[in-house]
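K.L.:
Here's a sequence, model it:
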Amino acid sequence: MNNKYQPALFWFAVLNAVTTFLLIGLGGLVTSHEAGMSVPDWPTTYGYNMFVFPLDKWVGGIFYEHSHRLLASAVGLLTTILAVWLWLKDSRKWIQWLGITAFLLVIVQGILGGLRVRWILDWLGVPHGAVAQAFLVLCCAIALFTSRWWQKSETEKQISVPRGLRSHVLFVTLLIFVQLLIAATMRHQHAGLAINDFPLAHGQLWPATTPEAIADYNAHRPVGTIGNPITAFQVSLQMVHRLVAYAIFLGIVAAAMLARKKLGGDDALAKFAWFWLALLTLQIGLGAWTVWSNKAADVTTLHVMVGASALLVGALWWLMAARRASLTEAMK
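P.N.:
Here you go, the predicted structure:
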C-alpha cells in the first residue's frame, strides 16, 4: 500500500464525480417535468426489475424517472468500487474512511429516493436533494485528494491563504448549501412560480402576503401554469431565496477581491475565485430566466446544475486553501 499518485484511481474518482453531477442534473429534469411519481413503485418499475424494463415503455415522465433510477444505480456501483479501491490501494486511513462514508451516503440517498416513492411524501425530496449535494462535494473532494496536485504539493512552495479569507469562503459556501435547501423546498412544493416577475415581485419591491393579495396572485397566474395554488409562505420563501442569492453574490465578490489582494492576480486560487464569481453571475441570470420562462424545464435544470457547481467550487477552493495553509504551517 502507498499514497503516491495513482492515475487510474484518480481518473476513476473523477468519473464517479462527473457521473454524480450528471445524476443531479437528471434529478433536476425529473422535478422540472413533474415526473417524480411517474413510476409509482420501487425498487421495481411497474412490476419489472428496473434493469429489464422494456424500452417501448420509456415514454413521457417515465423516461426521466426511470433514467434517473438507472443512473443512480450506476453511481452506486461506481462508488462501491471506489470505496474498495481506496481501502485496498491507498495507505491514508482518513481517505479510506472517506470512501466508506461515500458508500454509506449513496445507500442513504437511494433509500431516501425509494421512500419518497413508496410513502408518497413530497417533503422527502428536500433531504434527498440535500444529501445529493453533500455527496457530490464528497465525491469531488475524493478526486482532489487522489490528484497529482494534492500528492505533489508537499514538495512545492506554497503561498499561504490567510485564515480570514478561508473562513469567509467557507461561510459563503455554507450559505450556498442553505440556498440549495431553500430551492429544493420550493421545487418540491409543486406550486410552480410563487412570484412570476423579476426583478420586481408581483410588481412590488416586497410583495404583499395578505389573504386578499394571495387570492389575487392565484387568480392572475400565467396561462398554462401547472401546480398547486400558491401560499403566503411560498411567496415569502421565494423572496428569502432572492435575498440570499444577493448576499451570496456580494460574498463571492468580496472573496474574489480579497484573494487578488492577498494572493496576487496570478495565483491559481485567486483566478479560481474570479471563476466562482462568473459562475454565480451566470446563476443569477439563470434564476431570472427561470422566472421569465415560467420555469421552462431545461432552464430550470440548468439553474440547478450551475447552483451545484457554485457549491462545489466554493468547497474545493476552501479545501485547496486549507491544504496550502497546513503545508505552510508544517514548514515553519
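K.L.:
Extract the residue ranges of the stretch 201-332 of the chain that are flagged as low pLDDT.
P.N.:
Counting by pLDDT under 70, the stretch 201-332 of the chain contains low-confidence residues at 224-227, 329-332.
K.L.:
could you redo the last one with a cut-off of 80?
P.N.:
Judged against pLDDT under 80, the low-scoring parts of the stretch 201-332 of the chain cover residues 222-228, 327-332.
K.L.:
mind listing the helices in it by residue range?
P.N.:
For the stretch 201-332 of the chain, the helices defined by DSSP state H, counting those that start in this stretch occupy 211-219, 232-263, 268-292, 297-330.
K.L.:
Please identify the deepest-packed of the ones you listed.
P.N.:
The highest average neighbour count among these, using mean count of other CB atoms under 10 Å, belongs to helix 297-330 at a mean of 19. C-beta coordinates here come from the backbone N, C-alpha and C atoms, glycine included.
K.L.:
mind listing the strands in the stretch 101-250 of the chain by residue range?
P.N.:
According to DSSP state E, counting those that start in this stretch, the stretch 101-250 of the chain carries no segments that qualify as strands.
K.L.:
ok, the closest residue in space to L286 that isn't next to it in sequence - contacts?
P.N.:
Nearest residue to L286, sequence neighbours excluded (CB to CB, 6 or more residues apart in numbering): H303, at 4.2 Å. Residues in contact with H303 (CB atoms under 8 Å, 6 or more residues apart in numbering) are 283, 286-287, 289-290.
K.L.:
of these, closest to I100?
P.N.:
The nearest member of the contacts of H303 to I100, counting by CB to CB, is Q283 at 32.8 Å.
K.L.:
so that closest one touches V304, yeah?
P.N.:
No - with contacts counted by CB atoms under 8 Å, Q283 stays clear of V304, the gap being 10.0 Å.
K.L.:
Residues in contact with stretch 273-287: which ones?
P.N.:
For stretch 273-287, contacts defined as CB under 8 Å, 6+ apart pick out 169, 198, 242, 245, 248-249, 252-253, 255-256, 259-260, 299, 302-303, 306-307, 309-310, 313-314, 317.
K.L.:
gap between A143 and I95?
P.N.:
According to CB to CB, to the nearest Å, A143 stands 11 Å off from I95.
K.L.:
Neighbour count: those two, which is higher?
P.N.:
With neighbours defined as other CB atoms under 10 Å, A143 and I95 compare such that A143 has more, 22 against 18.
K.L.:
what would the helices of the stretch 201-332 of the chain look like in JSON lines with distance to A134?
P.N.:
As requested, the helices of the stretch 201-332 of the chain are exported to JSON lines (distance: least, CB to CB, whole Å):
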{"stretch": "helix 211-219", "distance to A134": "34"}
{"stretch": "helix 232-263", "distance to A134": "18"}
{"stretch": "helix 268-292", "distance to A134": "19"}
{"stretch": "helix 297-330", "distance to A134": "9"}
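K.L.:
which stretches of the stretch 51-200 of the chain aren't confidently modelled?
P.N.:
Per-residue confidence of the stretch 51-200 of the chain (counting by pLDDT under 80) places the weak regions at 121-123, 152-159, 188-192.
K.L.:
Pull up the gap between H33 and V75, please.
P.N.:
Where V75 is concerned, H33 sits at a distance of 20 Å (CB to CB).
K.L.:
Got the domain ranges for the chain?
P.N.:
Residue ranges for the structural domains of the chain, counted by automatic domain parsing, are given in the record as 1-156, 158-332.
K.L.:
my read: A17 touches L136, true?
P.N.:
Yes - proximity of A17 to L136 meets the contact threshold set by CB under 8 Å, at 7.2 Å.
K.L.:
Those two - which one has more neighbours?
P.N.:
A17 (24 against 20).
K.L.:
Name the next helix or strand downstream of the helix or strand where that one lies, please.
P.N.:
With the criterion set as DSSP states H and E, the secondary-structure element containing A17 is helix 7-32. Going down the chain from helix 7-32, the next helix or strand is helix 61-89, by DSSP H and E.
K.L.:
This completes my enquiry, with thanks.
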